[in-house]
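Student: After the sequence you'll find the predicted model.
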Amino acid sequence: MEFFRNPNVNWLGWKWYFLAFSMIFSVAGIVKMSWNWEHPVGGMRSPVPLGVDFRGGTQVDVQFTNPPDIDAIRRAIEAAGVKDAVITSFGPVADHQVLISLPEETNEAALDTGRQEIESALQAHYNNYFNPNTGVKVDVVGPTVGRQLEKQATLATLYSMLGMLIYLWFRFQLIYGVAAVVACFHDTLITVGAFALTGREISLTVIAAILTLVGYSMNDTIVVFDRIRENLRLSRRESLTDLVNRSINQTLSRTVLTSGLTFLTVLSLFIFGGEVLNGFSFALVVGILIGTYSSIAIAAPMLVAWQEYRAGKGRAASLPAARKSKG
Amino acid sequence: MKKNLKNKIALIIAVLLICLYGIFGIPSGVSGKALLSAISSRIHLGLDLQGGAHLILQVQVSEAVNAETDNTVQQIQEDLKKANLGFSQVVKPDPLRVDPATNLEAGKPEVIQIQGTSPAQTDAVSSLLGTPKYSNEYDLSGGSDNNWTLTMKPVFESDLDKRTIDEAIETIRDRVDALGVSEPLIQEYGLGANQILVELPGVSDLDQVKGIIRSTARLEIHAVDGGPFPTEDAALQSVNGALPPNDEILPFSGDLGASNGTSYYVIQRSSIVAGSDFRSADPGVNSNTGQRQVNFTLTDEAGDKFWDYTSANIGKDMAVVMGGTVREVAVIKGAIRDQGLIEGSFNQNEVMELSKLLRTGALPASMNYISASTVGATLGADSIREGVTAAIVGIVVVMAFMLVYYKGSGINADLALIFNLIILLGIMGLSAAISSASGGGGLVLTLTLPGIAGVILTIGMGVDSNVLIFERIREEIRAGKAASAAVDQGFARAWVTIVDTHVTTIVSAAILFIFGTGPVKGFATTLTVGLAANLFTAVFVSRVIFEAHLNKLKAGEMVSI
């Protein structure tokens, strides 16, 4: 069985449509992120909703044996003197899970007091309906840790991108590296925009997912670039546009298959993987689709545009082939 | 050719067996239940899957620096007196202060000033302060205006910080052992931020844990210069409104023994003995009065110090200070060397508490909890169930697809995929086994919930290698090559791309491993190990399976792909 026996699509001919598509989603994401920035929730400015490990605060996740009555829980907690608690149900309905969060405080001792008040309020009113030892998940995150984590996450992302740029520069030429990194930025922007648009939280595991999809998008781009490089060695007579189109068509089978298979595994994670991994799997679901798309729609056209720019300036008209020519 | 093939197959089987051992150990039986319990005891699960407590403590290392310079201040005073060198005072111009509301520290505890030396003795003072005893740890400056400044060397200070963290870790470990937690994890954290990570599997009560760890500061004994006073002002009055730089005013919190409401004492800043100077402390009963007391012994070095002090100060008060408040005040009845007792009207509980505190009060500095999380065991088990379900669905879908799309070669890819997972899990099991066999050293690869997601990703990305190879083989066949040549070319040409793609993903996983916390580390781990194993299975193992199959083909026959 074979999906694409001999595809011959003029991919680069669609580049303006691709650009428009990307711009629409990027702009939508940016607009929502700016809106989020202008309307801070709970005294913290952020373009996307942040998980508790970044924003700090107290979060208590309780699993009840019977379906929980949110209003009754709210009253019980307010009666214990805990103000500003946000109480929502969490996860699939059958799990009877409730999430209680308190906003960040200036120091950790206050956060801990909040936690103790919540726990004692729940035990006073609902002792029979949940097991305090096994059915509770608590997160108390002080402001120090939140800031530290932000710094670490940012550093990790930057180092990752830098590492890949250097690797690609080494294996190919600089323009390939730049095109691939631009495609990755595009993917990250649209994925983070998706989080802003759907109101999902970004936690440390989501950052891990984003770094993974950066890696995946690079992979995909590299496969196309490898083929372009190989074809460049073999034939200089074709126009670059035709050559790039041919390269994409040749790798189309592999691209669709791998993306398809990886997408199916990640979709399985999104559907069956549970609430804790929901943000993570959402990032990957969006990321894999966009990562595949960007290799064809962003990275490849950028290479051709670069050549046309150099040709327009009267310099050497051919795209630099890689330093090493390996088979 | 055939012998070569046999060797390769032998290698593959050997790796398979080793990894199966890594996963299952030697299982007690072959039933589903026996296998499942074998796995869960072999592979190390993260906190988010087993349930447990995760705490990050910030160690206030400046307190250790403070204590060290306090010690040095005393030594300088003694040495100068012994050498008959005059001075007006030895003091810390900017002592350590902690804001109780925000726990923020201020001050420069690493700076000591010797003021008012005699101009005629400048040389003698300079050479005294230049002896290795001081010059190893401090930089000396000043002297021209009869004031000298000793600043702790940065190298020595960071060394002291490191020692403080190590001591704190050891003390916490001792206290945690009392909880009976299996495999607690206590280690330095935060890449130089002076933090300690404590992970306790199976423990879900945060208050219990905090009670055991007791992050309060070291226990110290200080000389009392005045008190008790009803208010801070009254205490100040007693020194005519000007508090000498060597003194501080502390409130009495009376955690142990009788509490007489709020009162204040004027206490000497430097402690006589503290924390790690106590070798043991036990509750006891006074044979004469029948009152409860705490019998303690000090280390030899501390014993000498204590003897010097107590013999010179019989009848005066000394105070037990902890966490910036006075806990107990006692009268020095006689000179004490290294065995002493603290008496007061204690009840049974208080006496045991005080002993325990003295014994384990060797925390070199106080600590704050900057993050505390627990995951209940039920929620952890739910996560496992969900993650494993997603993984199984993913594997089944991928395997079915490969069979349909690549026919015979699909079997090849599926075998490689299963082998990939066996190696991945096997390495994780082996790392845990090796680590526990060598007494807890080495790197333990932990499976967390994101780690299960990493396994699922490995499936999807790993099968990519096979897709790359098979697509090339199809191309070569379309171009007219014979079976054997097509397979050769397929592997050769796809190899470069496979390496490129795996390296980029492993690089970002490695960065995640360095910068990530527990669950994210688990993800980086499974992804890296999975992809590395994939290089072996998709290229070497697949190749061997093809070769074995090619050997059976007749001339002119084509592989099923």
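Tutor: Noted; the coordinates are in hand.
Student: Next to chain B, which bits of the stretch 51-200 of chain A? Give me the list.
Tutor: Contact residues, the stretch 51-200 of chain A versus chain B (C-beta under 8 Å from any C-beta of the partner chain): A:61, A:63, A:95, A:106-109, A:112, A:115-116, A:131-142, A:144-145, A:148-149, A:152-153, A:155-156, A:159-160, A:163-164, A:167, A:171. Where C-beta positions appear, they are placed from N, C-alpha and C, glycine not excepted.
Student: what do you get for the stretch 201-327 of chain A?
Tutor: A:204-205, A:207-208, A:211-212, A:214-216, A:218-219, A:222-223, A:226, A:250, A:253-254, A:257-258, A:261-266, A:268-269, A:271-274, A:276-277, A:280-281, A:284, A:326-327.
Student: Return the subset of the residues of the stretch 51-200 of chain A next to chain B lying in helices.
Tutor: A:108-109, A:112, A:115-116, A:144-145, A:148-149, A:152-153, A:155-156, A:159-160, A:163-164, A:167, A:171 (DSSP state H).
Student: Of those, select the buried ones using a PyMOL command.
Tutor: Per 16 or more other C-beta atoms under 10 Å in any protein chain shown, the buried members of these correspond to this PyMOL selection:
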select buried, chain A and resi 108+109+112+115+144+145+148+149+152+153+156+159+160+163+164+167+171
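Student: quick one: the strands in chain A?
Tutor: A:57-63, A:86-90, A:97-102, A:136-141 (DSSP state E).
Student: Mean pLDDT, mean neighbour count and distance to B:Ala330 added to those strands, as TSV?
Tutor: Listed next are these as TSV, based on pLDDT from 0 to 100; neighbours: other C-beta atoms under 10 Å in any protein chain shown; distance: least, C-beta to C-beta, whole Å:
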stretch	mean pLDDT	mean neighbour count	distance to B:Ala330
strand A:57-63	83	24	41
strand A:86-90	79	15	51
strand A:97-102	82	22	43
strand A:136-141	82	24	38
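Student: next structured bit after the helix or strand of chain B with the lowest mean pLDDT?
Tutor: Within chain B, no helix or strand scores below helix B:348-360, which has a mean of 67 by mean pLDDT, DSSP states H and E. Counting by DSSP states H and E, the element after helix B:348-360 in chain order, helix or strand, is strand B:367-375.
Student: anything in that next one near chain A?
Tutor: Yes - using C-beta under 8 Å from any C-beta, strand B:367-375 reaches chain A at B:Asn368, B:Tyr369, B:Ile370, B:Ser371, B:Ala372, B:Ser373, B:Thr374, B:Val375.
Student: The first one contacts B:Gln60, correct?
Tutor: Yes - using C-beta atoms under 8 Å, B:Asn368 makes contact with B:Gln60 at a distance of 7.2 Å.
Student: hey, what's the closest residue in space to B:Gln89 that isn't next to it in sequence bridged with?
Tutor: Once flanking residues are discounted, B:Gln89 sits nearest to B:Gln115: 5.3 Å by C-beta to C-beta, 6 or more residues apart in numbering or on different chains. Beta-bridge partners of B:Gln115, counted by DSSP bridges, are B:Gln89, B:Asn147.
Student: Could you give the number of residues near B:Gln115?
Tutor: Applying other C-beta atoms under 10 Å in any protein chain shown, we find 17 residues neighbouring B:Gln115.
Student: if I pick it, what's in contact with it?
Tutor: B:Phe87, B:Ser88, B:Gln89, B:Val90, B:Val91, B:Asn146, B:Asn147 (C-beta atoms under 8 Å, 6 or more residues apart in numbering or on different chains).
Student: Can you say which helix or strand has the closest residue to A:Gly273 other than its chain neighbours in it?
Tutor: With sequence-adjacent residues excluded and distances taken as C-beta to C-beta, 6+ apart, A:Gly273 is closest to B:Ala390, at 4.2 Å. B:Ala390 belongs to helix B:377-437 when assigned by DSSP H and E.
Student: For the contacts of B:Gln115, which single residue is the most surrounded?
Tutor: Ranking these using other C-beta under 10 Å puts B:Val90 first, with 23 neighbours.
Student: what residue ranges in the stretch 301-450 of chain B score low on pLDDT?
Tutor: B:322-324, B:343-346, B:350, B:352-364, B:439-442 (pLDDT under 70).
Student: just chain A next, same as before
Tutor: Ranges of chain A meeting pLDDT under 70: A:1, A:4, A:42-43, A:104-109, A:127-128, A:133, A:314-327.
Student: all helices of it, in order?
Tutor: A:15-38, A:52-55, A:70-79, A:108-126, A:143-171, A:174-198, A:204-234, A:240-272, A:278-294, A:300-312.
Student: can you list those in JSON lines and add distance to B:Phe470?
Tutor: Output for the helices of chain A, formatted as JSON lines (distance: least, C-beta to C-beta, whole Å):
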{"stretch": "helix A:15-38", "distance to B:Phe470": "29"}
{"stretch": "helix A:52-55", "distance to B:Phe470": "42"}
{"stretch": "helix A:70-79", "distance to B:Phe470": "53"}
{"stretch": "helix A:108-126", "distance to B:Phe470": "54"}
{"stretch": "helix A:143-171", "distance to B:Phe470": "24"}
{"stretch": "helix A:174-198", "distance to B:Phe470": "25"}
{"stretch": "helix A:204-234", "distance to B:Phe470": "14"}
{"stretch": "helix A:240-272", "distance to B:Phe470": "9"}
{"stretch": "helix A:278-294", "distance to B:Phe470": "19"}
{"stretch": "helix A:300-312", "distance to B:Phe470": "24"}
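Student: do you know which of those helices lies nearest B:Met152?
Tutor: Evaluated with C-beta to C-beta, these place helix A:143-171 nearest to B:Met152, the distance being 24.8 Å.
Student: so what secondary structure elements neighbour that closest one?
Tutor: For helix A:143-171, the packing partners by 3 or more C-beta pairs under 8 Å, 6 or more residues apart in numbering or on different chains; DSSP states H and E come out as helix A:52-55, helix A:174-198, helix A:204-234, strand B:367-375, helix B:483-515.
Student: Any idea which of the ones you listed gets closest to B:Thr72?
Tutor: Evaluated with C-beta to C-beta, the helices and strands packed on helix A:143-171 place strand B:367-375 nearest to B:Thr72, the distance being 23.8 Å.
Student: quick revisit: with the contacts of B:Gln115 in mind, which one is nearest to A:Ser34?
Tutor: Set against A:Ser34, the nearest of the contacts of B:Gln115 by C-beta to C-beta is B:Val91 (55.4 Å).
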